[in-house]
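Chemist: when you get a sec, could you give me coordinates for this:
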Amino acid sequence: MPAMRARADLPELAPDDHFISLFDFLPIGAYRSRPDGGLLRANPALVRLNGCETEAELHALVRDIGSEWYVDPQRRAQFITQLEAAGQVRAFVSEVRRYKTREHIWVSENAHVVRGPAGEVLFYEGTVEEVTERIESEAAVQRSEQQLREIAARVPGVVYRLRVGHDRRRHFTFVSEGVRELYGVTPEAVLADGELLRSFDHPADHLRVSLETEASRRSGQPVHTEFRIVLGDGTQKWVQLAASSVASDTLGQVRVGVMIDITARKQAELALRVSEERWTLALESVGDGVWDWDLVRGREVVSARLLQMYGMSPEEHRDRPEALDALTHPDDRAQMQIDRDAHLSGRAPAYVNEHRMRCADGRWKWVLSRGMVIDRDATGRPLRMIGTHTDISARKEAEALKRERDRGAASQKAQTAFLSRVSHELRTPMNAIIGFAQLLEMEAVGNERQRRWVQTILDSGRHLLALVNDLLDLSSAQTGQLQFTQTSVDLGRLLREAWAMHEAEAAAAGLRFVDGLPPQALAVQGDPTRLKQVASNLLSNAIKYNRAGGQVLVGAARFGDVVTLSVTDTGQGMDAVQLARLFNPFERAGAQHSPVAGTGIGLALAKQLVEAMGGAITVSSKPGQGSVFSVTLKTGPDDLSSLSGART
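Modeler: Presented below is the predicted three-dimensional model:
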């Protein structure tokens, strides 16, 4: 707007009634002024634009247009220069001050020169329209684009935004600087030619990639693929592409994506194949959840992947930073805040914290949260921070299992050490008790009642000593300290000798021994003493847990290079729960509530002994049908003629 003066200084002009009506009712500011800057007219819209009530009030406020109207004093001179040179000015945008309130606003001016018959300048006419909202919107878009560039600059590879029209024509609206390093072209060249990057596709990959991206465009599903490109100098590179649709409108579909140079990885894979390394690389597009926190405005933008991690909808998040904090486990919030504050204050180079997050289904998920401030003001105050969430639940579960396993191993080790020490400490006094009891028995002094007492001491002492010996054997077997002599053993002879040890006990219970052993000798590899200990334990159990008048069946058979012996009883049998606990030390599978004596060590020791000799022990049983214990051992030499007592 040219310089304005009080209207009293101006000569009278004949008004045009039609012009005055249009002039006054225009919705935007309009004026007429003389070449020397004097204001002839200002319509009501221009008066209101300057915060005034009347045209006279506006005239009274005008002094110097250069310093009063334009924020930049040079704009007035530029306006006059363009007007006089071209005779008109179009869309002349400037920052100005309202005359009355001095508020800064943006306006767009259009003006032209009105000349007389001789070509002399009579006056200027023009319009003034406020465009503050438009200018601020354009500035916001520029800031958003700048933020996108900042984020893209920190992402490896090429970040892009692409519009694909309904005619499949491609037009890039954003390409990060990474395209220079990956493709050797400028972002400007890609923005100008939507097909430029496709021209670099390797001929063998071009059709496949085109079909995959077209299928993604049609379905709206993300695409993840790998392909080769060939640069102008013949250099080949491998590129990984991840892209998805973010919007669709009448012009087409808007897609965003990232392309990463994976040439080094592909070369490594090739090197593995050449060196005959049979590796299978499972490449998954897992992707971390991304968050972008505007600390000034208190807003946080998160990626769709991050919301998916917790089953959260955009409506639940609503760009609120506190939304994710509210999902954090109460026990983890304090340390999370400490780690975050350490980085925000500049005391830590980055924010790193592991904590639990509650998912929509109620589960707790462990995440690794990492972030970094990317913008601070002159005083160091953080303005903006970006970061990621990585699901580390599997790692945490593995660590917990390892800790539990280590605790169990430590407990088992402590238990074994305790049993070994106690057993050693008990063995000496027990030998003394048995020895003195034997002396009393040999002297045959006292009456019958006293002799029964001595016999009770001997029986109890021998039973307790056997228990101590079993404990020592069990702890030694568990720690790998038990010594074995591997030799060829006649299994049939060993089993009959073991039965002879329990024959009186079986007869007292009314049990019948059924010899199902084959007539030919069967040799197995093992320690004779330990094998007899195992057989004795199995036979003892078959007698103790049998029914009155039942039987104990012993059998053996050879299968290839192994021999399996079996001990079958006709007792009450066991259910699945009892079988699952049967070989655990001190586990009697419910028999502890019965009158049958026992410690629950025998079967656990038998299992340790058999496995230490390279064999295996199993059991099959059903309630009411008895039990079958089977021991499988490696065969020995077929020739047993050198063995004492071998059958022919």
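Chemist: which SSE is Arg163 in?
Modeler: Assessed by DSSP states H and E, Arg163 sits inside strand 158-165.
Chemist: from the contact counts, what lies against that strand?
Modeler: If contacts are counted by 3 or more Cβ pairs under 8 Å, 6 or more residues apart in numbering; DSSP states H and E, strand 158-165 sits against strand 170-175, helix 178-183, strand 252-261. Backbone N, C-alpha and C define where each C-beta goes, glycine included.
Chemist: can you redo these as a markdown table with mean pLDDT and mean neighbour count?
Modeler: Formatted as a markdown table, the helices and strands packed on strand 158-165 follow (pLDDT from 0 to 100; neighbours: other Cβ atoms under 10 Å):
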| stretch | mean pLDDT | mean neighbour count |
| --- | --- | --- |
| strand 170-175 | 88 | 17 |
| helix 178-183 | 87 | 19 |
| strand 252-261 | 86 | 19 |
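Chemist: Val71: which of the ones you listed is closest?
Modeler: The minimum distance between Val71 and the helices and strands packed on strand 158-165 falls on strand 170-175, with 32.1 Å, by Cβ to Cβ.
Chemist: touching the closest one from outside, list them.
Modeler: The set of residues external to strand 170-175 that reach it, using Cβ atoms under 8 Å, 6 or more residues apart in numbering, is 145, 148, 152, 158-165, 187, 190-191, 194-195, 198, 254.
Chemist: dump the residue contacts of the closest residue to Ala323 other than its chain neighbours.
Modeler: Closest residue to Ala323 apart from its sequence neighbours, by Cβ to Cβ, 6 or more residues apart in numbering: His317 at 4.7 Å. Contacts for His317 (Cβ under 8 Å, 6+ apart) come out as Val302, Leu307, Ala323, Leu324.
Chemist: I figured the last one hits Val302, correct?
Modeler: This points to Leu324. Yes. Using Cβ atoms under 8 Å, Leu324 is in contact with Val302, at 7.5 Å.
Chemist: identify the contacts common to these two.
Modeler: Each of Trp291, His317 lies in contact with both Leu324 and Val302 under the rule Cβ under 8 Å, 6+ apart.
Chemist: dig out what the residue most central in space within the chain forms beta bridges with.
Modeler: When the chain is reduced to its mean C-alpha position, the closest residue under Cα atoms, centre = their mean turns out to be Asp391, at 1.9 Å. As for beta bridges, Asp391 partners with Val367 under DSSP bridges.
Chemist: got the confidence number for it?
Modeler: We have a pLDDT of 87 for Asp391.
Chemist: got the contact list for it?
Modeler: When contacts are counted by Cβ under 8 Å, 6+ apart, Asp391 is found next to Val286, Met309, Lys365, Trp366, Val367.
Chemist: centre of the chain to the strand holding Arg163, how far?
Modeler: In terms of Cα atoms, centre = their mean, to the nearest Å, the centre of strand 158-165 is set 29 Å apart from its chain centre.
Chemist: direction included, what does it pair up with?
Modeler: Applying DSSP bridges to the sheet, strand 158-165 is found paired with strand 170-175 (antiparallel), strand 252-261 (antiparallel).
Chemist: turn the ones you listed into TSV, including distance to Thr568.
Modeler: Converted to TSV, the strands paired with strand 158-165 look like this (distance: least, Cβ to Cβ, whole Å):
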stretch	distance to Thr568
strand 170-175	79
strand 252-261	67
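Chemist: quick one, strands of the stretch 1-150 of the chain?
Modeler: Secondary structure of the stretch 1-150 of the chain by DSSP state E, counting those that start in this stretch: the strands cover 29-33, 39-42, 88-97, 104-115, 121-130.
Chemist: weakest of those by average pLDDT?
Modeler: strand 39-42 (a mean of 81).
Chemist: what strands line up against it, and which way round?
Modeler: Here, using DSSP bridges, strand 39-42 pairs with strand 29-33 (antiparallel).
Chemist: neighbour count, pLDDT and distance to Ile262 added to the contacts of Asp391, as JSON lines?
Modeler: Listed next are these as JSON lines, based on neighbours: other Cβ atoms under 10 Å; pLDDT from 0 to 100; distance: Cβ to Cβ, whole Å:
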{"residue": "Val286", "neighbour count": "8", "pLDDT": "42", "distance to Ile262": "15"}
{"residue": "Met309", "neighbour count": "20", "pLDDT": "87", "distance to Ile262": "25"}
{"residue": "Lys365", "neighbour count": "19", "pLDDT": "91", "distance to Ile262": "29"}
{"residue": "Trp366", "neighbour count": "20", "pLDDT": "94", "distance to Ile262": "28"}
{"residue": "Val367", "neighbour count": "25", "pLDDT": "91", "distance to Ile262": "26"}
